[in-house]
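**Student:** predicted model and sequence follow; I will ask about them next.
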Amino acid sequence: MTAPWWREGVVHEVYVRSFSDGTGDGVGDLPGLRARLPYLRDLGVDAIWVTPFYPSADHDAGYDVIDHRAVDPRLGTLDDLDAVVADAHALGLRVMVDLVLNHVSSEHPWFRAAAEAGPGSAERARFHVRPGRDGGALPPTGWPSIFGGSAWEPFGDGEWYLHLFDVHQPDLNHDHPDVRADAERTLRFWLDRGVDGVRFDAAGGLTKDPAYPELPDGWQPGHASPYSDLDGVHDHYRRFAKVLSEYDGDRVGVAEVWGEPHVIGPYVRPDELQQAFAIDPLFRPLDATLWRRLLAEQLDAVVRHGRLPAWAHGNHDVKRAATRWGEDGARAVLLLMLALPGCVYLYAGDELALPEVDLPDEAITDPTYRRSGGTDRGRDGARVPLPWTTGPAPYGFAPDGTPTWLPQPDGWGTHAVERQEADPDSMLALTRRAIRLRDELWRGAGDEVTWLESLPAGWLGFRRGAATCVTRFGAGPDPDLGGLGEVLLTGGASDGSATWWLRGDRPGTTTDEEAGWDRR
Ligand code: NOJ
């Protein structure tokens, strides 16, 4: 039996508002995506994950959903979505959609009704609503919003509602039968339309401690909390997994969880989802000893459940990889992740090594900027519309002369697809080569990773199947890799981190001595 496509696939995250504008309003959309599907086929990825395209009040770039079973008219129609799925399938690409079940938009009919219905009403029971302290004047608890400030907002009548994200994103109460039924209906709606998988946004938040306890003294973001990754949340994923299993064709569910391996492991137990993001390494410095431990822990946490990691190379919530790790680092980490057992999620534009953009204050739309009082510049710098042509602006993203929803900086065309397609040394060329070679070298090579011991300090290497992956973290001299086999691909450059892929002459038998490694 062949393994399902997602087990060791490569998924490209299409941030739909910034990918390609087919309608000329400066915002990326489904017709724009559809027209660019051949580019994604040529990239060699297995699937695309399309970020939210549902009707939204745009307080969090589409993650504030007004109607989860419809398409925002600014981004297309349901027919456009069906056409994207059909064309993608014809090109051999799978399509995953993004389900935002933790919260809705404050313009969702349920929340409008809750606001109107008043304290104690049945309409409010679909949300997390509590009386304020001090006769309603103060928030029920000191819980912070992930975007800054309090996680509670007053209705103005003594009751407050919970919003773990922006004030325009009230959290749904998934203990309520209406909320559960609606979530399942949404899941089935998209699966029935033929999508191949689902990303569960803010997956850990669906269950809150009904006692709404105060956070302990000294609590910091990232610590365990009464609103994240509680045991009860897994009941939801068991239910969703059952629904996914009713559909044919290797459908996949991936949990968007941000946490250490012990937090993400339980989401991929045999009766839960197929994947949970391995995001933690994104925030760690490129250090060989640290990364060896991180990678081994990520593997261990999911392989014990018969699953493989879903490595995140980047996404729309973090700094661009080429800025976070430097361009050499971004190349090296991509090759490292592609060589490991598991699925790799690559963020659109990172295959062009786009840098993070420092946007002018007045252009920033991300609610984190406002809610943090301007101390956090937010995530828009990683969401600037892609450059397809060398210029002028909007660089092929939209029809000539169209201003884009986030401004593209001068010189954006130096990173354009058009330019990189003509340059064999570009990040785009490397990404295409690597994805193809990965299929040959690593896919199906099993979950066994044999770490090469006694590499020089700052190096990390492993054998997997018949090939070897060696990474140098940071600058340093290139070693003589001859003893490990023939070098097939290098990602990175001699003035920074680099990864080498080698095919061994005698698979699995080369020792460090034979390879000529210096002992520490
Ligand atoms: C995670 C999404 O990736 C992020 O962009 C969004 O702001 C939050 N969830 C809230 O939906």
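**Tutor:** Nice, thanks for sending it over.

**Student:** which ones are touching the closest residue to Gly314 other than its chain neighbours?
**Tutor:** In this structure, Gly314 finds its nearest non-sequential neighbour in Tyr347, 3.9 Å apart by CB to CB, 6 or more residues apart in numbering. In short, each C-beta sits where N, CA and C put it, glycine included. Tyr347 makes contact with 12-13, 15, 313-316, 321, 382 under the criterion CB atoms under 8 Å, 6 or more residues apart in numbering.

**Student:** near the ligand too, which of those residues?
**Tutor:** His316 (CB under 6 Å from any ligand atom).

**Student:** most neighbours among the contacts of Tyr347, which one is it?
**Tutor:** In terms of neighbours by other CB atoms under 10 Å, the contacts of Tyr347 top out with Ala321 at 30 neighbours.

**Student:** that residue against Asp328, yeah?
**Tutor:** No. Using CB atoms under 8 Å, Ala321 and Asp328 do not qualify as a contacting pair, with a distance of 11.0 Å.

**Student:** which residues touch Val243?
**Tutor:** Contact analysis of Val243 by CB under 8 Å, 6+ apart lists 184, 187-188, 191.

**Student:** out of those residues, who's near the ligand?
**Tutor:** The overlap between the contacts of Val243 and the neighbourhood of the ligand (criterion: CB under 6 Å from any ligand atom) is empty.

**Student:** gap between Asp196 and Glu351?
**Tutor:** Plainly put, Asp196 is 21 Å away from Glu351 if you go by CB to CB, to the nearest Å.

**Student:** same check on Arg503?
**Tutor:** Note on Arg503: its distance to Glu351, by CB to CB, is 24 Å.

**Student:** please identify which of these two sits among more neighbours.
**Tutor:** For Arg503 versus Glu351, neighbours defined as other CB under 10 Å are more numerous around Glu351 (28 against 18).

**Student:** confidence score at the closest residue to that one other than its chain neighbours?
**Tutor:** The shortest distance from Glu351 to any residue that is not its chain neighbour, by CB to CB, 6+ apart, is 4.2 Å, and that residue is Thr431. In the predicted model, Thr431 carries a pLDDT score of 98.

**Student:** where does Thr431 land in three-state SS?
**Tutor:** Of the three states, Thr431 takes helix under DSSP: H, G, I helix; E, B strand; the rest coil.

**Student:** so Thr390 sits against Gly413, correct?
**Tutor:** Yes. The pair Thr390 and Gly413 passes the contact test of CB under 8 Å, sitting 4.0 Å apart.

**Student:** if I look at the residue lying closest to Phe111 once chain neighbours are set aside, how far off is Asp58?
**Tutor:** Once flanking residues are discounted, Phe111 sits nearest to Pro170: 5.2 Å by CB to CB, 6+ apart. As judged by CB to CB, Pro170 and Asp58 stand 16 Å apart.

**Student:** quick check: neighbours shared by Thr390 and Gly413?
**Tutor:** Once CB under 8 Å, 6+ apart is applied, the residues that Thr390 and Gly413 both contact turn out to be Arg419.

**Student:** average pLDDT across stretch 272-284?
**Tutor:** When the per-residue pLDDT values of stretch 272-284 are averaged, the result is 96.

**Student:** contacting residues for the closest residue to the ligand within the stretch 1-150 of the chain?
**Tutor:** Of all residues in the stretch 1-150 of the chain, Tyr63 sits closest to the ligand, at 3.4 Å by CB to the nearest ligand atom. Remark: with contacts taken as CB under 8 Å, 6+ apart, Tyr63 is in contact with 52, 56, 100, 165, 169, 201.

**Student:** ok, Pro387 next?
**Tutor:** Contacts of Pro387 (CB under 8 Å, 6+ apart): 352, 354, 395-397, 408, 412-413, 415-417.

**Student:** not counting sequence-adjacent ones, nearest residue to it?
**Tutor:** Excluding its sequence neighbours, the residue lying closest to Pro387 (CB to CB, 6+ apart) is Tyr395, at 3.7 Å.

**Student:** need the contacts of Pro387 in JSON lines with distance to Leu334, pLDDT and secondary structure, can you?
**Tutor:** Rendered in JSON lines, the data for the contacts of Pro387 read as follows (distance: CB to CB, whole Å; pLDDT from 0 to 100; DSSP: H, G, I helix; E, B strand; the rest coil):
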{"residue": "Leu352", "distance to Leu334": "12", "pLDDT": "98", "secondary structure": "helix"}
{"residue": "Leu354", "distance to Leu334": "14", "pLDDT": "98", "secondary structure": "coil"}
{"residue": "Tyr395", "distance to Leu334": "23", "pLDDT": "98", "secondary structure": "coil"}
{"residue": "Gly396", "distance to Leu334": "24", "pLDDT": "98", "secondary structure": "coil"}
{"residue": "Phe397", "distance to Leu334": "23", "pLDDT": "98", "secondary structure": "coil"}
{"residue": "Gln408", "distance to Leu334": "24", "pLDDT": "98", "secondary structure": "coil"}
{"residue": "Trp412", "distance to Leu334": "21", "pLDDT": "98", "secondary structure": "helix"}
{"residue": "Gly413", "distance to Leu334": "23", "pLDDT": "98", "secondary structure": "helix"}
{"residue": "His415", "distance to Leu334": "16", "pLDDT": "98", "secondary structure": "helix"}
{"residue": "Ala416", "distance to Leu334": "19", "pLDDT": "98", "secondary structure": "coil"}
{"residue": "Val417", "distance to Leu334": "17", "pLDDT": "98", "secondary structure": "helix"}
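
**Student:** list the contacts for the nearest residue to Thr414 once chain neighbours are set aside?
**Tutor:** The shortest distance from Thr414 to any non-neighbouring residue, by CB to CB, 6+ apart, is to Thr390 (7.6 Å). Shown in contact with Thr390 (CB under 8 Å, 6+ apart): 413-414, 416, 418-419.

**Student:** between which two of these is the distance greatest?
**Tutor:** Spanning the widest gap among the contacts of Thr390 are Thr414 and Glu418, at 10.8 Å by CB to CB.

**Student:** contacting residues for Ser18?
**Tutor:** Under the contact definition (CB under 8 Å, 6+ apart), the residues listed for Ser18 are 28, 348-349, 383-386, 397, 405-406.

**Student:** of the residues you listed, closest to Gly465?
**Tutor:** Of all those, Ala348 has the smallest distance to Gly465: 29.3 Å, by CB to CB.

**Student:** measure the closest one to the ligand for me?
**Tutor:** When distances are taken as CB to the nearest ligand atom, to the nearest Å, Ala348 and the ligand turn out to be 14 Å apart.

**Student:** circling back to that earlier point, and Pro170 and Asp58? which has more neighbours close in?
**Tutor:** The neighbour comparison of Pro170 against Asp58 (other CB under 10 Å) goes to Pro170, with 28 against 18.
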